[in-house]
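S.K.: Here is my input; please provide its structure:
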Amino acid sequence: MLDAQLRSQRGGFRLDAGLALARGTTLVLAGGSGAGKTSVLRLLAGLDPLTAGHIRVNDQVWADTARQVHRSPSERSVGWVPQDAALFPHLSVRENVQFGRRSTVDRRPSTDDLLLQCGASHLADRRVTTLSGGERQRVALARALAVDPALLLLDEPLSALDPESRMALRATLAAVIAQREGITLLVTHHPLEALALGSTIAVMDGGSIVQQGTGDDLLLHPRSHSVAAFLGANFFRGSIRARPEPGLAELAVAGGTLVVVDPGGDGEVFAVVPPTAIVLSTGAPEGSARNVFPGVVQELVPEPPHGERLRVAVASSPRLIAEITAAGAHALGLAPGTTVFASFKATAVRGYR
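M.R.: Got it, this is the predicted structure:
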């Protein structure tokens with residue numbers, strides 16, 4: 001069990017986040033750069049001190065500012081995998097993993113078992129200076145697991161890898177995490193990794209957790225622009241302005257009005273439009289879509305891993321993000337400055353309170 005209230009002030013940045021996680025939980029900390037994700041890991045590991053708050057893991061107090069308790073990193077049961085792996089260059093792969101083991105009679109999984117579990121057994125006798133980025137991360141994971149940590153902390157472990165290595169190591173991570181009895185915290189800014197690896201996802205913004213829940217919770221019911229932006233959805237907050245016909249409602253949102261399936265009742269309504277539900281055309285559409293917004297293309301961003309699809313930002317009212325195939329964008333002649341019509345049906349809008 002992890003019970004933590006983390007408060008930290010560093011220069012002009014203030015972090016204030018609470019965590020309560022049961023044994024076996026995998027929490028993904030997601031969000032943009034500077035949101036405070038890595039700061040959370042560093043506080044838990046003891047690399048940075050708390051300004052105020054506490055950290056309790058199982059029956060141990062690792063930090064408590066009110067009681068002036070601060071255990072050093074070496075006194076905490078933590079496995080740490082930083083972005084750069086931070087392996088010892090003068091040691092072999094096997095020696096790097098053995099570094100975390102306390103004695104030759106350690107009852108935890110053997111070095112060979114750990115390397116096998118992390119898909120790195122064939123690297124055991126290599127020097128780490130000869131390894132690729134993906135291989136280094138596998139070894140760093142095995143070394144972190146060698147101490148059988150209560151907390152496994154992974155800071156963007158896939159960020160520096162090519163798409164093929166990233167996919168392979170993500171599968172390894174998922175298998176390793178599934179076997180752990182301890183708590184795992186993983187930092188990422190990549191939505192796919194968050195959804196694939198986290199039993200729970202916490203989206204951070206400005207040093208705070210703005211929403212926490214399962215992947216389905218966040219996908220279906222984002223509660224803020226930062227959560228929706230991380231997941232790649234068009235998010236709106238508004239109120240019912242009129243009900244033009246049975247079953248439909250006009251939702252007044254910042255920058256315009258959406259026609260949606262009537263959510264019923266009054267008061268504030270949240271609405272999400274998936275980018276894939278938006279159709280782009282260079283002329284006024286002739287279909288049955290109730291939502292049609294003219295605007296100018298601001299940018300086209302290829303979607304990973306190979307750019308077969310593009311995210312198209314349209315300066316309409318309200319502003320919209322559409323996702324179309326690269327071939328479709330080419331056929332329409334889309335480029336920044338192109339005038340388009342973005343359209344979608346009322347049934348494509350998911351309204352909720």
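S.K.: Please name the bridge partners of F293.
M.R.: F293 has these beta-bridge partners by DSSP bridges: A342.
S.K.: Pull the contacting residues for it.
M.R.: G256, V314, S316, S317, P318, L320, F341, A342, S343 (CB atoms under 8 Å, 6 or more residues apart in numbering). The C-beta positions use only the backbone N, C-alpha and C, and glycine is treated the same way.
S.K.: swap the cut-off to 10 Å and go again
M.R.: When contacts are counted by CB atoms under 10 Å, 6 or more residues apart in numbering, F293 touches 255-258, 278, 314-320, 340-344.
S.K.: Report the separation between it and L41.
M.R.: Using CB to CB, to the nearest Å, we find F293 at a distance of 41 Å from L41.
S.K.: Okay, and the closest residue to R223 other than its chain neighbours sits in which element?
M.R.: Once flanking residues are discounted, R223 sits nearest to Q211: 5.1 Å by CB to CB, 6 or more residues apart in numbering. Following DSSP states H and E, one finds Q211 within strand 208-213.
S.K.: just checking, what packs against that strand?
M.R.: If you count contacts as 3 or more CB pairs under 10 Å, 6 or more residues apart in numbering; DSSP states H and E, strand 208-213 packs onto strand 13-21, strand 26-30, strand 200-205, helix 215-220, helix 225-231.
S.K.: buried set for the longest one?
M.R.: When neighbours are counted by 16 or more other CB atoms under 10 Å, the buried residues of strand 13-21 are found to be L15, D16, A17, L19, L21.
S.K.: go on, the fourth one?
M.R.: Residues of helix 215-220 classed as buried by neighbour count (16+ other CB under 10 Å): G215, L218, L219.
S.K.: want to throw the residues you listed into CSV with pLDDT and distance to H330?
M.R.: What follows is the buried residues of helix 215-220, written out as CSV (pLDDT from 0 to 100; distance: CB to CB, whole Å):
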residue, pLDDT, distance to H330
G215, 86, 33
L218, 88, 33
L219, 83, 30
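S.K.: What about V78, how many residues nearby?
M.R.: 22 (other CB atoms under 10 Å).
S.K.: picking that back up, what's the closest of the buried residues of helix 215-220 to D113?
M.R.: G215 (30.7 Å; CB to CB).
S.K.: what sits against the closest one?
M.R.: V28, P191, A194, L195, A196, L197, G198, S199, T200, I201, L231.
S.K.: which regions of this protein sit below the pLDDT cut-off?
M.R.: With pLDDT under 70 as the threshold, the chain has low-confidence stretches at 100-108, 304-306.
S.K.: Give me the outermost residue of it relative to its centroid.
M.R.: Farthest-out residue of the chain from its mean C-alpha position, per CA atoms, centre = their mean: E245, at 40.0 Å.
S.K.: Centre-most residue in this structure?
M.R.: The chain, centroid-nearest residue using CA atoms, centre = their mean: A30 at 3.2 Å.
S.K.: Contacts only, for it.
M.R.: A30 makes contact with 37, 186-191, 193-195, 198, 201-205, 211, 218, 226-227, 230-231, according to CB under 10 Å, 6+ apart.
S.K.: Brilliant, that's me finished.
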